[in-house]
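# Show me the folded form of this:
(one chain, ligands or ions: 1)
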Amino acid sequence: MKIVLASGNANKYKEMKEALAPAGIELLFGKELIPELDVEETGSTYAENSLLKARAWAEAAGMSALADDSGLEVEALGGLPGINSARIVSGSDADRTGWLLGELKGRENRNARFVACLTVVFTGSAQPLSVTGYCGGKIAEEPRGDSGFGYDPVFIPDGYDKSFAELGAEIKEKISHRAKALAALRQLFMRFNRTESKGGVQIFRAGK
Ligand code: IMP
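The predicted structure follows:
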């Protein structure tokens, strides 16, 4: 089954393509297919935003589409930056990690979690499918390491004492929020060989 990835991020494309290949999914890179398509994220949840993106891409490309929306939720900040993680302050990733460390200065509670929601919009009448993955951890006192992107240098996942940026892609791709959501999606596709919708209900079938 061919699915277009509603994203211009080549790293995400590579990670998702490899993760979904064992389920018989051939993932196409949206940016290559329709370079000019840009969808505004006007939703108020990760699920709404990923659905918006997947719908727009499925319509424009005329095929099933997968979109993701993700963010960092910090307990002491009431869940901020959340769905606004990419734009909570303007500037670079370093400006945003700087903002976060400033907000948490002197605070003891440094609990946080990454969230990633993946939504697939199918062609035909099947209902969209959405899975969410979480990765709990703590916010470091200062940035450490240089692999990855976004808040990776200040996020220390549970069970580790290094940041995502120090741990590197190999470990991150096993334990991250996105990796967990991808694994769930892969399992759904592998376990159930057909999707369809009847009376507005998404039907999964096991076996042929
Ligand atoms: P989007 O889902 O591509 O819109 O990303 C939302 C924002 O959340 C990114 O720009 C990052 O700031 C942050 N984010 C999401 N996932 C990660 C991650 O795995 N590492 C670091 N930052 C992330």
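# Please count neighbours and contacts with C-alpha atoms only from this point.
Will do.
# Please name the residues that touch Ala169.
147-148 (CA atoms under 8 Å, 6 or more residues apart in numbering).
# And for Glu26, nearest residue in space, chain neighbours not counted?
Excluding its sequence neighbours, the residue lying closest to Glu26 (CA to CA, 6 or more residues apart in numbering) is Lys2, at 4.8 Å.
# And for Asp93?
Gly150 (5.1 Å).
# before we move on, what about Tyr13?
Closest to Tyr13 by CA to CA, 6+ apart is Phe29, at 6.4 Å.
# what kind of secondary structure is the residue nearest to Asp93 in?
coil (DSSP: H, G, I helix; E, B strand; the rest coil).
# who's in contact with the nearest residue to Val121 once chain neighbours are set aside?
Nearest residue to Val121 in three dimensions, chain neighbours excluded: Pro128, at 4.6 Å (CA to CA, 6+ apart). Contacts for Pro128 were tallied using CA under 8 Å, 6+ apart; they are 51, 119-122, 202.
# try 7 Å
119-122 (CA atoms under 7 Å, 6 or more residues apart in numbering).
# What of Lys180?
Here Lys180 is in contact with Gly133 (criterion: CA under 7 Å, 6+ apart).
# Give me the distance between it and Glu26.
As for Lys180, its distance to Glu26 is 19 Å (criterion: CA to CA, to the nearest Å).
# Give the full set of residues in contact with the residue lying closest to Ile83 once chain neighbours are set aside.
Spatial nearest neighbour of Ile83, chain neighbours left out: Gly71 (5.5 Å); criterion: CA to CA, 6+ apart. Gly71 is in contact with 82-83, 85, 114-116, counting by CA under 7 Å, 6+ apart.
# filter these down to the ones close to the ligand.
Restricting the contacts of Gly71 to those within reach of the ligand (CA under 6 Å from any ligand atom) leaves Ser85.
# just checking, which of the contacts of Gly71 belong to strands?
Applying DSSP state E to those, the entries found in strands are 82, 114-116.
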